[in-house]
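[1] model this:
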Amino acid sequence: MSNTQRPVYTFRPMTSADVAAAHALSVQLKWPHRLEDWAMLQRVSQGFVAEDEGRLIGTAFTCPQGDYATIGLVIVSDEYQGQGIGRKLMELAIQACGSQTAMLNATLAGAPLYVSQGFVDFGHIQQHQGTVLPPAPTDLPSDERLRRLTEADRNDVIELANAGSGLDRHAVLNDLFESVEDVVGIERDGQLRAFALLRPFGRGRSIGPVVAENPEQAKHLIAVLLTQVSDAFVRMDIPSDSGLGPWLEEAGLKQVDTVAQMVRGTPPQASGGVHQFALVTQAIG
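    Numbering: from 1, shown residues only. Purely as a prediction, here's the structure:
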């Protein structure tokens with residue numbers, strides 16, 4: 001092959017048959033995702049893969065969520081870096097957004113590529129994780145009540161999640177509900193005003209999404225869930241302006257990374273007096 005001739009790679013939509021190979025690729029790169037985490041994203045998203053003679057060497061996902069679509073798990077095998085594969089996968093993911101506004105969470109290494117494709121920063125996400133030292137839940141105001149949520153609360157949870165994130169969470173949360181270990185909420189005047197989900201993810205468990213009116217509600221819900229997983233490994237991805245960072249550090253969940261929230265257009269806006277205090281995942285937002 002001449003020095004000027006570039007290899008020809010295959011780019012195509014991902015199917016469920018690709019999940020195991022995609023998971024193996026992430027393991028090689030020391031990403032924490034389980035096979036089940038990949039399968040979940042493949043169910044609720046449109047995925048793409050890059051192949052070299054049948055070998056999977058790259059991935060990307062577009063997860064439609066109403067007027068927005070989140071792009072995530074853009075991965076290229078180490079030995080194939082610098083050949084334009086990541087850029088091509090990103091182009092496919094952006095095309096899959098259609099008329100939806102594209103969003104993503106970018107590592108420092110990936111940010112220059114995304115800037116060149118029209119993305120701009122609008123915030124930051126802190127990754128917190130570690131072995132839990134459960135804090136004692138603080139008292140709620142007298143007009144608020146904590147309770148465990150059930151299947152009967154699913155629609156209210158999704159409605160609140162939509163308001164807190166500015167995204168349409170129906171597909172994502174309907175899938176997540178099949179694997180959650182616990183969901184807790186705070187009611188006031190018979191109305192659900194905050195909730196938090198505990199579920200298996202990566203090296204242990206994840207708490208997210210968390211939607212609440214204020215940091216005090218969010219901390220109360222998180223503390224309740226953390227007491228169930230004392231000494232377990234837990235991960236949370238939180239907006240840097242959530243007000244939870246120092247408190248999570250005291251609970252054993254140390255900040256290990258920060259990524260940039262990026263969008264091609266106007267960022268989503270929370271509504272209804274609630275905000276998202278923890279993401280589903282960095283890939284989903």
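
[2] name the SS class of Asn162, please.
    helix (DSSP: H, G, I helix; E, B strand; the rest coil).

[3] Asp168 too?
    coil.

[4] same deal with the one 3 residues further on?
    Secondary structure of Ala171, reduced to three states by three-state DSSP: helix.

[5] can you pull the contacts of it?
    Val44, Pro64, Gln65 (Cβ atoms under 8 Å, 6 or more residues apart in numbering). C-beta coordinates here come from the backbone N, C-alpha and C atoms, glycine included.

[6] now do Ser116
    No contacts exist for Ser116 under Cβ under 8 Å, 6+ apart.

[7] mind listing what's buried along the helix or strand harbouring Leu92?
    Secondary structure assignment for Leu92, by DSSP states H and E: helix 85-97. Across helix 85-97, burial judged by 16 or more other Cβ atoms under 10 Å covers Ile85, Gly86, Lys88, Leu89, Met90, Leu92, Ala93, Ile94, Ala96, Cys97.

[8] greatest separation within those residues: which pair is it?
    Ile85 and Cys97 (19.5 Å; Cβ to Cβ).

[9] grab the nearest non-local neighbour of Gly272.
    Closest residue to Gly272 apart from its sequence neighbours, by Cβ to Cβ, 6 or more residues apart in numbering: Ala163 at 3.9 Å.

[10] ok so, going back, output the buried residues of helix 85-97 in JSON lines; the columns should cover distance to Met40 and pLDDT.
    Listed next are those as JSON lines, based on distance: Cβ to Cβ, whole Å; pLDDT from 0 to 100:
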{"residue": "Ile85", "distance to Met40": "24", "pLDDT": "95"}
{"residue": "Gly86", "distance to Met40": "23", "pLDDT": "92"}
{"residue": "Lys88", "distance to Met40": "25", "pLDDT": "96"}
{"residue": "Leu89", "distance to Met40": "20", "pLDDT": "96"}
{"residue": "Met90", "distance to Met40": "22", "pLDDT": "94"}
{"residue": "Leu92", "distance to Met40": "21", "pLDDT": "97"}
{"residue": "Ala93", "distance to Met40": "18", "pLDDT": "97"}
{"residue": "Ile94", "distance to Met40": "22", "pLDDT": "97"}
{"residue": "Ala96", "distance to Met40": "18", "pLDDT": "97"}
{"residue": "Cys97", "distance to Met40": "20", "pLDDT": "97"}
